[in-house]
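K.L.:
Provide a 3D model corresponding to the input given below.
(one chain, ligands or ions: 2)
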Amino acid sequence: MSKPVLIGLTGGTGSGKTTVAKTIIEELGHDNIVLIQQDSYYKDQSHLSFEDRIKTNYDHPFAFDTELLIEHLEDLMAGKSIDKPVYDFSHHTRTDEVVTINPCDVIVLEGILVLENEQLRDMLDIKIYVDTDNDVRFIRRLLRDTKERGRTMDSVVNQYLGVVRPMHQQFIEPTKKYADIIIPEGGYNKVAIDILVTKVKSILKELG
Ligand SMILES: Nc1ncnc2c1ncn2[C@@H]1O[C@H](COP(=O)(O)OP(=O)(O)O)[C@@H](O)[C@H]1O
Ligand SMILES: Nc1ccn([C@@H]2O[C@H](COP(=O)(O)O)[C@@H](O)[C@H]2O)c(=O)n1
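P.N.:
Residues are numbered from 1 along each chain as shown. Ligands and ions are numbered 1, 2, ... in the order given. I've put the predicted structure just below:
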């Protein structure tokens, strides 16, 4: 089996990264493609109390176990299986579960800071930035986090103003310059997704 194609997909919270990643995977067909979410590699915080966990800055590069993520990607590149951690947003830490991922042809790596770390960035074959207006991203996050991540409206607003917004400006937005492709509005941009899928298919064909 040849080395897998590694697609990196980034953008701010609520930009539509996950939606784009899932659409690409659906369009390519599900065989031999895996989605790896950078969120799965948030550091384990089981040694901290819940009160201390909520003080963590989850939008800073230090929040991620990037060393483990790179090690896992290198293993997949070398044809080895990995045990991917499973993150629990309600409790702000890893669960005891893991998901085994087997070697594959295409890896879609999705997350807010996948273009921030130079070593990680240099591993990527295709780099994509999903670009969505800040107000739209905030509304999507508010709806999602209150429905799916066990948050209150007050906590989402306070976290956004105190940490998410400044970290976006400092660490995420500047990585747009590294992207090969910028997708406006994200998930339902059919033309951009079609172009990407065609490109990945042609790389796979070249690799045989
Ligand atoms: N183009 C879109 N229009 C409306 N809602 C969208 C769109 N793309 C994503 N969403 C919704 O916004 C929320 C955040 O999208 P998601 O893809 O999870 O973003 P991200 O992974 O960048 O945080 C989800 O609830 C998703 O269903
Ligand atoms: N315990 C946590 C961990 C992360 N977050 C927030 O998640 C955002 C990244 O995920 P997206 O799917 O929105 O890209 C990031 O902005 C963190 O603030 C959190 O709230 N709690």
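
K.L.:
pretty sure residue 5 contacts residue 109?
P.N.:
No. With contact defined as CB atoms under 8 Å, residue 5 does not reach residue 109; the gap is 11.0 Å. Every residue, glycine included, has its C-beta placed from N, CA and C.

K.L.:
more neighbours, these two?
P.N.:
Ranked by neighbour count (other CB atoms under 10 Å), residue 5 and residue 109 place residue 109 first, with 22 against 19.

K.L.:
okay, stretch 103-116 in CSV with CA atoms only?
P.N.:
The C-alpha trace of stretch 103-116 is given here as CSV (Å, rounded to 0.1, in the frame of the first residue of the first chain):
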residue,chain,number,x,y,z
PRO,A,103,-4.0,2.2,7.7
CYS,A,104,-5.9,3.7,4.7
ASP,A,105,-5.5,5.6,1.4
VAL,A,106,-6.7,9.0,2.5
ILE,A,107,-6.6,10.7,5.9
VAL,A,108,-8.7,13.9,6.5
LEU,A,109,-7.3,15.7,9.5
GLU,A,110,-9.6,18.4,10.8
GLY,A,111,-9.2,21.0,13.5
ILE,A,112,-8.7,24.6,14.5
LEU,A,113,-4.9,24.5,14.7
VAL,A,114,-3.8,21.9,12.1
LEU,A,115,-1.9,24.5,10.1
GLU,A,116,-0.3,26.2,13.2
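
K.L.:
what about the helices in the protein?
P.N.:
Secondary structure of the chain (DSSP state H): helices at 17-28, 50-53, 66-77, 118-123, 134-148, 153-159, 165-167, 190-207.

K.L.:
Please identify the deepest-packed of those helices.
P.N.:
Per-stretch averages of neighbours, counted by mean count of other CB atoms under 10 Å, single out helix 17-28 among the helices of the chain, with a mean of 19.

K.L.:
and that one with helix 190-207, angle?
P.N.:
50 degrees (axes from the mean of the first three to the mean of the last three CA atoms, to 10 degrees).

K.L.:
just checking, what packs against helix 17-28?
P.N.:
Helix 17-28 makes packing contacts with strand 5-10, strand 33-37, strand 106-110, strand 126-131, helix 190-207 when contacts are defined by 3 or more CB pairs under 8 Å, 6 or more residues apart in numbering; DSSP states H and E.

K.L.:
The helices of the chain: lowest mean pLDDT?
P.N.:
Among those, helix 190-207 has the lowest mean pLDDT, at a mean of 88.

K.L.:
Could I get the helices of the chain in CSV, plus columns for distance to residue 40?
P.N.:
Shown next, in CSV, are these (distance: least, CB to CB, whole Å):
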stretch, distance to residue 40
helix 17-28, 12
helix 50-53, 17
helix 66-77, 8
helix 118-123, 14
helix 134-148, 16
helix 153-159, 20
helix 165-167, 19
helix 190-207, 22
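
K.L.:
Just give the number of residues close to residue 176.
P.N.:
Residue 176 has 16 nearby residues by other CB under 10 Å.

K.L.:
if I pick it, what's in contact with it?
P.N.:
129, 131, 182 (CB atoms under 8 Å, 6 or more residues apart in numbering).

K.L.:
what about 6 Å?
P.N.:
residue 129 (CB atoms under 6 Å, 6 or more residues apart in numbering).

K.L.:
Around ligand 1, pick out the residues from this structure.
P.N.:
Within the chain, the positions adjacent to ligand 1 are 11, 13-19, 140, 144, 185-188 by CB under 6 Å from any ligand atom.
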